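> One predicted model, sequence on top.
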Amino acid sequence: MPNVWAQAAVREAAERICQGEIVCIFSEAELGRSETLIRLSQGFELVPTVSEKPVVPVWLDRLLRPSFPSGGEKRFFKRPKCFLTPVTFGKPISKEEINLGLARERLLELGQFCFEKACGS
């Protein structure tokens, strides 16, 4: 994402948060092909700093199931399969303590929690 777009996105997100809206930021800035947490984007740290509001880490589990049925039909005519995605919310991180290391740690804790619940341990 070009730097100008990133700056505009941070400003827009901060403004909306200050207006009381909820803003979802995918801190990885890209979708990986595994269910492991990939490198976090440094830009996401700016939004809580600019908005002066805390960040609530959220783990979306089991997102990488195939969403389209397999079969002979053409891709454009496939209907997505419906499935449930568990959503887990963590403890808020204040703007004073937000950093990539802490955010990654909290997200990994949420991922572990979901894994343990799914395995029944």
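Perfect, thanks for sending it.
> Test my guess that L102 contacts P92.
No: judged on C-beta atoms under 8 Å, L102 makes no contact with P92 at a distance of 11.6 Å. Every C-beta, even on glycine, is put in place using the N, C-alpha and C of the backbone.
> And the pLDDT for the residue nearest to the spatial centre of the chain?
Centroid-nearest residue in the chain, with C-alpha atoms, centre = their mean: F26, separated by 3.5 Å. F26 carries a pLDDT value of 77.
> Can you classify it by secondary structure?
Put simply, F26 is coil when judged by DSSP: H, G, I helix; E, B strand; the rest coil.
> Torsion angles phi and psi at it?
Phi and psi for F26, reported as degrees, to the nearest 10, are phi -80, psi 100.
> Return the distance of it relative to N99.
18 Å (C-beta to C-beta, to the nearest Å).
> Could you do S27 as well?
S27 sits 12 Å away from N99, going by C-beta to C-beta.
> longest helix of the protein?
helix 100-119 (DSSP state H).
> Touching it from outside, list them.
By C-beta atoms under 8 Å, 6 or more residues apart in numbering, the residues outside helix 100-119 that reach it are 27, 37, 40, 42, 44-45, 55, 57-59, 61-62, 86, 88, 90-91, 93.
> repeat for stretch 11-29
1, 37-41, 43-44, 47, 50-53, 58, 103, 107.
> buried sites along that stretch?
Neighbour-count burial for stretch 11-29, counted by 16 or more other C-beta atoms under 10 Å, picks out 13-14, 17, 25, 27.
> returning to that earlier point: mind giving me the ChimeraX command for buried ones among the contacts of helix 100-119?
The buried residues among the contacts of helix 100-119 can be selected in ChimeraX (16+ other C-beta under 10 Å) with this line:
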select :27,40,44,45,55,57,58,59,61,88,90,93
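> What about the contacts of helix 100-119, which are in strands?
Using DSSP state E, 58-59, 88 are the members of the contacts of helix 100-119 that sit in strands.
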